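*Asks:* what's the 3D shape of this:
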Amino acid sequence: MAFVSFTAKHNHFTQPTISVWPNGQVSLSSAAIKQFNVDAFAFVQFSHDASTGRIGLRFTNDTTLGGLRTITRRGSSRTGAVIGAKQFFHNENLDGLQGQFVLQPGGKSGCTCYFNSGITT
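*Replies:* Here you go, the predicted model:
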């Protein structure tokens, strides 16, 4: 019998991902923190495009913006980040959303990055 090596679908160290937990919290991978320079920011502002199902994240230090959520660092090496987004998901009728999603650069959208939730209205 020959051994077959395991290869992961996603590499948290090279591919920026976001995990949405059933309790409404989101977690950013270390690759996402590095690629989008999250360590330089204290807050995130969520946005939602219902027609495409995209959820945008705008990292900021501007406390005058509305709807800001605090970025909490996690882990002993502080390579991860957790953000409470339960109220945002509830307000946008996305209560059942959970799973792991790949983050894309926001480009000209005004967001730092976004992911496709797969839920459109």
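
*Asks:* element containing the residue nearest in space to the middle of the chain, please.
*Replies:* Centroid-nearest residue in the chain, with CA atoms, centre = their mean: Ile18, separated by 3.9 Å. In the assignment (DSSP states H and E), Ile18 maps to strand 17-20.

*Asks:* So what are the sheet partners of that strand and their directions?
*Replies:* When pairs are called by DSSP bridges, strand 17-20 turns out to pair with strand 25-28 (antiparallel), strand 99-102 (antiparallel).

*Asks:* pLDDT at the residue nearest to the centre of the chain, what is it?
*Replies:* Note for Ile18: predicted pLDDT of 96.

*Asks:* Next one: it from Pro105, what distance?
*Replies:* To Pro105, Ile18 is 13 Å away according to CB to CB, to the nearest Å. Using the backbone N, CA and C atoms, a C-beta is placed for each residue, glycine as well.

*Asks:* what's across from the residue nearest to the centre of the chain in the sheet?
*Replies:* Beta bridges link Ile18 to Leu28, Phe101, judged by DSSP bridges.

*Asks:* All set, thanks.
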